[in-house]
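Colleague: Next comes the sequence, and after it the predicted model I'd like to discuss.
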Amino acid sequence: MKRINKGRAFRQAGFTLMELLIVIGVLGILAAGLLAAIDPFEQLKKARDTNNRSAAIEFLGSSQRYYATHGYLPWYKMTGAAYDCLTTVAPLRTADTTSPWAAVAVSKSGGSGDTVMKTCIDSTLLVDGEIKTTFFEGLATTLYITSGSPTKVMVCFPPEGKSNLADESSKYVYNSTNKEVSLVACTAADKTAGNCLQCFE
């Protein structure tokens, strides 16, 4: 295309096909490098871990508030308790101050091991208003609750993200066969197998 300006002809500047292909190629290489640096799957894992960490801390706080109000944890019934969790979550009362601690799993899916614990939680923490009715719907993982004494509770979850697996609070191992949380260092094999837990107490 030509443009006339004061009697002189100017050629309209533009990009050739080769120039456009080079620019697209360079942009593609930059985008691939950026994706490799950001690692979107790792970011998704970190986001899920943040949600799961919040749920674990929320459950821990609700248990501690329940203890402050009643003088006992939900799975340690005292005189006058509204609901008897003693028969349903007996493993939590294992008198053990060292490793391993018996653990009861709670998840959104509601497997066979979860049902009795959920009933206990619904009848104590939920009734007292310490957790919301939608608490389990927002749960994206399994929480492992351990106690071992009438005054102590620990809540754990299995982290997915590399940074959370490397976190110093991701140090305990869950034994699914014995349903126990072992207070031992988390090895690389445990992390790969998904048996490493991040715990709060």
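Modeller: Arrived safely, thanks for sending.
Colleague: pretty sure M117 contacts V106?
Modeller: Yes: at 5.1 Å, M117 and V106 qualify as touching, with contact defined as C-beta atoms under 8 Å. For glycine as for every other residue, the C-beta is placed from the backbone atoms N, C-alpha and C.
Colleague: anything in contact with each of these two?
Modeller: I145 (C-beta atoms under 8 Å, 6 or more residues apart in numbering).
Colleague: in this structure, what spans have low per-residue confidence?
Modeller: Applying pLDDT under 70 to the chain flags the ranges 1-13, 78-84, 86-101, 108-114, 178.
Colleague: Show me the residue at the heart of it, geometrically.
Modeller: Geometric centre of the chain, nearest residue: N52, 2.6 Å, by C-alpha atoms, centre = their mean.
Colleague: What is the burial count for the nearest residue to F15 once chain neighbours are set aside?
Modeller: Nearest residue to F15, sequence neighbours excluded (C-beta to C-beta, 6 or more residues apart in numbering): V23, at 7.9 Å. For V23, the neighbour count with other C-beta atoms under 10 Å is 11.
Colleague: same thing with G138?
Modeller: Neighbours of G138 (other C-beta under 10 Å): 13.
Colleague: nearest residue to it other than its sequence neighbours?
Modeller: Nearest to G138 is A55, by C-beta to C-beta, 6+ apart, at 6.8 Å.
Colleague: now for the longest helix that the chain contains, which elements pack on it?
Modeller: Taking DSSP state H as the criterion, the chain has its longest helix at helix 40-70. Judged by 3 or more C-beta pairs under 8 Å, 6 or more residues apart in numbering; DSSP states H and E, helix 40-70 is in contact with strand 143-149, strand 152-157, helix 162-166, strand 196-200.
Colleague: repeat that with 10 Å
Modeller: helix 112-121, strand 143-149, strand 152-157, helix 162-166, strand 196-200 (3 or more C-beta pairs under 10 Å, 6 or more residues apart in numbering; DSSP states H and E).
Colleague: can you give me the angle that helix makes with helix 112-121?
Modeller: Angle of helix 40-70 versus helix 112-121, following axes from the mean of the first three to the mean of the last three C-alpha atoms, to 10 degrees, is 40 degrees.
Colleague: Check the offset of helix 40-70 from the chain's centre.
Modeller: Relative to its parent chain, helix 40-70 has a centroid offset of 7 Å by C-alpha atoms, centre = their mean, to the nearest Å.
Colleague: Tell me the first helix or strand C-terminal of that helix.
Modeller: Later in the chain than helix 40-70, the nearest helix or strand by DSSP states H and E is strand 101-106.
Colleague: what packs against that following strand?
Modeller: Helices and strands touching strand 101-106, by 3+ C-beta pairs under 10 Å, 6+ apart, are helix 112-121, strand 143-149, strand 152-157, strand 172-175, strand 180-182.
Colleague: Which of the ones you listed sits closest to F41?
Modeller: Among the helices and strands packed on strand 101-106, strand 152-157 comes nearest to F41, with 19.0 Å by C-beta to C-beta.
Colleague: Lovely, talk soon.
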